[in-house]
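J.: Sequence first, predicted coordinates after that:
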Amino acid sequence: MNNKDELLEKISKKIEKCNDCVLSKTRTKTVPGNGNVNTPVVFIGEGPGEEEDKTGIPFVGRAGRLLSKILESVELDRGDFYITNIVKCRPPNNRVPTNEEENSCSKYLYAQLSIINPKLIVTLGSTSFAYLLGLPKVKMGEVRGNIFEWRGGVKIMSMYHPSYLLRNPSRNPGSPKDKTWQDIKRIKELYLKIKNGEEI
């Protein structure tokens, strides 16, 4: 276990004991995140769902399986990346986390990011994008596929959340699935550039 693993494990233990917001009262398991701690790319969703609450692992339900397929479609493996959420406990009925819940949990997310030190953050859906950029609300159609500057030179790119794609299965040109195909190709391109030591 390297130093990053140890530090992230300490954060996971703190998350397990956390009672800072109401989500701690209804959770089964905490879902800190998992994946490659040495990755240059981190994927961030909004919060765990039912399957994640049972297993303690992010993106293992239907949306998670679709995310794995999206990555596989461009010959990427989810094990090459770190995947987490803004909040680490499931909001009841998979509702959107409140701002208070996000703020309570953000210390853990920011600690994880400072340890992993990615060059690119891919936000899955509008909630995580809006939170990281301090925006009240965003329209995914307007922000997805674009690169935004974040703290310390880190870049942010947003994709549709896989759960949204499950509700909108059309693959027609201009559909969310079609745009996601464009986005994941771009993410692969950026990932390979970073791996080659190039600026993005």
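T.: That came through, no problem. Numbers count the residues shown, from 1 in each chain.
J.: list the contacts for Ile156?
T.: With contacts defined as Cβ atoms under 8 Å, 6 or more residues apart in numbering, the neighbours of Ile156 are Leu120, Ile121, Val122, Thr123, Phe129, Leu132, Leu133, Ile147, Phe148, Glu149, Trp150. C-beta: built from backbone N, CA, C; applies to glycine.
J.: Which strand residues bridge the second one?
T.: Going back to what we said before, that points to Ile121. Each beta-bridge partner of Ile121 is listed here: Val42, Ile156, as defined by DSSP bridges.
J.: Correct me if wrong: it contacts Pro40.
T.: No - because the distance of 10.2 Å does not satisfy Cβ atoms under 8 Å, Ile121 is recorded as not touching Pro40.
J.: The two: which has the busier surroundings?
T.: Ile121 (23 against 20; other Cβ atoms under 10 Å).
J.: quick one, phi/psi of the spatially most central residue of the chain?
T.: By Cα atoms, centre = their mean, the chain has its centre lying nearest to Ile44, at 1.3 Å. Dihedral angles of Ile44 (phi, psi; degrees, to the nearest 10) stand at phi -130, psi 120.
J.: Which strand or helix spans the nearest residue to it once chain neighbours are set aside?
T.: Across the structure, with Cβ to Cβ, 6 or more residues apart in numbering as the measure, the residue nearest Ile44 apart from its sequence neighbours is Ser128 (4.6 Å). Ser128 belongs to helix 126-132 when elements are defined using DSSP states H and E.
J.: What are the neighbouring residues in contact with His161?
T.: Contacts here follow Cβ under 8 Å, 6+ apart; on that basis His161 touches Gly45, Glu46, Ala63, Leu124, Gly125, Ser126.
J.: Need the mean per-residue confidence for whichever helix in the chain runs longest.
T.: Once the chain is assigned using DSSP state H, the helix that runs over the most residues is helix 176-195. The predicted model assigns helix 176-195 a mean pLDDT of 97.
J.: Could you name the helices and strands sitting against that helix?
T.: Contact partners of helix 176-195 among helices and strands, from 3 or more Cβ pairs under 8 Å, 6 or more residues apart in numbering; DSSP states H and E: strand 41-45, helix 62-72, strand 120-124, strand 155-159, helix 162-167.
J.: which of these sits most buried?
T.: With neighbours defined as mean count of other Cβ atoms under 10 Å, those peak in mean count at strand 41-45, which reaches a mean of 26.
J.: Give me the next element, helix or strand, following that one.
T.: Following the chain from strand 41-45 toward its C-terminal end, the next helix or strand by DSSP H and E is helix 50-55.
J.: before we move on, back to that, where's the helix holding Ser128 relative to the chain centroid, distance-wise?
T.: Helix 126-132 has its average C-alpha position 10 Å from the chain's average C-alpha position, going by Cα atoms, centre = their mean, to the nearest Å.
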